[in-house]
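J.: Next comes the sequence, and after it the predicted model I'd like to discuss.
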Amino acid sequence: MTDKVNLLDYDRKSLELYFTEMGDKSFRAQQVLKWIYHQGAVDFESMTNLSKPLRAILEQNTCITPPEIISEQKSEDGTRKWLIQIDGGNSVETVFIPENDRGTLCISSQVGCPLECKFCSTGQQGFNRNLSTSEIIGQVWAANKALGYFENDKRIITNIVFMGMGEPLLNYDNVLKAINLLTDDLGFGLARRRVTVSTSGIIPEIDRLKEDTNVSLAISLHASNNELRNDIVPINRSYPMRDLLAACKRFTEARDNEPITIEYVMLKNVNDSLQDAHDLVDCLRDIPAKVNLIPFNTFPGTNYTCSEIKTINAFRDVLVKSNIITITRKTRGDDIDAACGQLVGKVMAKAERHQKNRVELN
Ligand code: SAH
Ligand code: SF4
């Protein structure tokens, strides 16, 4: 069983190669993808347009194994959070957020996260490993299954955001294949703009993403000066703000100036002054961008608190007056710890850092 290849690890191109290398036609890949992503098939018996001998070969050498949902929580506001088993010791969380005109699935890309942003529960938890393509696309497959998509053929998940656990651009190759499957007509067929990769700013991979895909980009900026960003988003010490903003500019230029999203978590007395708002306007002067202000979501052990509503509104007004489209993100699912930055799953951390950060915060 374990030496079988999992077909959920293949996007169209790599699956076509798989079939041609075994002496069959690349067209088989298209048939199999449709079975998996349109019909929700997990066994080869049902793939009636494949010959019996081919089905037997696939059965012997391959499998279609999505990760398993081990528990589900439902919020009063309709948000659903699934705990997804990854391997013996690890699990990740995936969140479905229904809204009037869309359904957004927030997916994880790593078990934990190595980047240690100070205000993020996942980052405080440590890091185990990257998720495979099958574990990433498998979250979408499993959520669609749980929502009845394969039976009813009615699209409930319309948008995907890589805003769950982990830094997607530190797991570039697997995330890219998952993106290909999300946007491929033979996969989940989502419009490219409805897939958003959120990153804390891994500059070389932002440039690669620009070349390799057409998906939307969100940047976790969270500070309007380099010094503060060095402190709260430590990856900034390797990829400083000025260079990050230049990468954002390159990205938007390559997309006909379509705006990117800037995420900015509102931390009381840390990054929420009017001066910070004016500095943010300056940072974004040359970059087509809309801003999402994210009220800080608390978690055990943090020393941060969320800015007051009136502070968030005053901050927003400064941006809006400078013609920057700004929305304050509604907190969803916080009664089940499903809001931004609250996802933890179960991470067998290889690098334990919880204590260290506690000391730094105190
Ligand atoms: N690693 C990626 C994507 C996952 S985090 C990134 O950092 O962009 C998704 C979003 O939630 C990011 O903007 C992140 O900064 C934000 N976030 C993290 N912790 C948060 C918290 N406690 N409250 C509110 N937003 C948080
Ligand atoms: Fe990682 Fe994103 Fe959390 Fe930072 S905010 S620790 S990059 S998941």
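T.: That came through fine. Numbering: from 1, shown residues only. Ligands and ions are numbered 1, 2, ... in the order given.

J.: For the residue in the stretch 201-350 of the chain that ligand 2 sits nearest to, give me its contacts.
T.: Closest residue of the stretch 201-350 of the chain to ligand 2, C-beta to the nearest ligand atom: residue 220 (5.7 Å). C-beta: built from backbone N, CA, C; applies to glycine. The contact partners of residue 220, taken as C-beta atoms under 8 Å, 6 or more residues apart in numbering, are 117, 198, 199, 200, 201, 233, 263, 265.

J.: rerun that using 10 Å as the cut-off
T.: 115, 117, 120, 163, 167, 198-201, 229, 233, 235, 261-265, 292, 294, 340-341 (C-beta atoms under 10 Å, 6 or more residues apart in numbering).

J.: Inside strands: which ones of the residues you listed?
T.: Secondary structure defined by DSSP state E assigns 198, 199, 261, 262, 263, 264, 265, 292, 294 of the contacts of residue 220 to strands.

J.: any idea how far residue 274 is from the first one?
T.: Remark: distance between residue 198 and residue 274 (C-beta to C-beta, to the nearest Å) = 26 Å.

J.: roughly how far apart are the residue nearest to the spatial centre of the chain and residue 176?
T.: A centroid search over the chain (C-alpha atoms, centre = their mean) returns residue 162, at 1.0 Å, as the residue closest to the centre. Distance, residue 162 to residue 176, using C-beta to C-beta: 11 Å.

J.: residues shared between the contacts of those two?
T.: Common neighbours of residue 162 and residue 176 (C-beta under 10 Å, 6+ apart) are 168, 169, 197, 215.

J.: and the closest residue to the third one other than its chain neighbours, what does it touch?
T.: Spatially, and ignoring its direct neighbours in sequence, residue 197 is nearest to residue 162 (4.7 Å; C-beta to C-beta, 6 or more residues apart in numbering). With contacts defined as C-beta under 10 Å, 6+ apart, the neighbours of residue 162 are 106-109, 136, 168-169, 171, 175, 178-179, 182, 195-199, 215, 218.

J.: ok so, going back, any idea which of the shared contacts of residue 162 and residue 176 has the most stuff around it?
T.: In terms of neighbour count, residue 168 stands highest of those at 29 neighbours, by other C-beta atoms under 10 Å.

J.: I figured that one hits residue 201, correct?
T.: No - using C-beta atoms under 10 Å, residue 168 makes no contact with residue 201, being 11.9 Å away.

J.: residues in the stretch 1-150 of the chain within reach of ligand 1, list them.
T.: 113, 117, 119, 120, 121 (C-beta under 6 Å from any ligand atom).

J.: how much space between the second one and residue 278?
T.: Right, the one you point to is residue 117. As judged by C-beta to C-beta, residue 117 and residue 278 stand 24 Å apart.

J.: before we move on, what about the fourth one?
T.: Between residue 120 and residue 278 the computed distance is 26 Å (C-beta to C-beta).

J.: Next: the first one.
T.: Distance, residue 113 to residue 278, using C-beta to C-beta: 31 Å.

J.: Residue 129 too?
T.: Separation of residue 129 from residue 278 (C-beta to C-beta): 41 Å.

J.: Next: residue 26.
T.: Applying C-beta to C-beta to residue 26 and residue 278 gives a distance of 55 Å.

J.: what do you get for residue 106?
T.: Distance, residue 106 to residue 278, using C-beta to C-beta: 31 Å.

J.: Please apply the same query to residue 287.
T.: Using C-beta to C-beta, residue 287 is found at 16 Å from residue 278.

J.: the more surrounded of the two?
T.: More neighbours surround residue 287 than the other of residue 287 and residue 278, with 20 against 15 (other C-beta under 10 Å).

J.: The more buried one contacts residue 255, correct?
T.: No - Residue 287 lies out of contact with residue 255 (C-beta under 10 Å); the separation is 11.7 Å.

J.: Of all residues in the stretch 251-362 of the chain, which one is closest to ligand 1?
T.: Per C-beta to the nearest ligand atom, residue 341 is where the stretch 251-362 of the chain lies closest to ligand 1, at 1.9 Å.

J.: which ones are touching the closest residue to that residue other than its chain neighbours?
T.: Leaving aside its sequence neighbours, residue 341 sits nearest to residue 120 (C-beta to C-beta, 6+ apart; 4.6 Å). For residue 120, the contact set (C-beta under 10 Å, 6+ apart) comprises 113, 165, 200, 220, 222, 232-233, 265, 296-297, 299, 302, 340-343.

J.: between those, which is nearest residue 98?
T.: The shortest approach to residue 98 among the contacts of residue 120 belongs to residue 340, at 16.5 Å (C-beta to C-beta).

J.: and that closest one, how many neighbours?
T.: A count of neighbours around residue 340, defined by other C-beta under 10 Å, yields 27.

J.: Do you have the strands of the stretch 101-250 of the chain handy? List them.
T.: 103-106, 110-112, 127-130, 159-162, 195-199, 216-220 (DSSP state E, counting those that start in this stretch).
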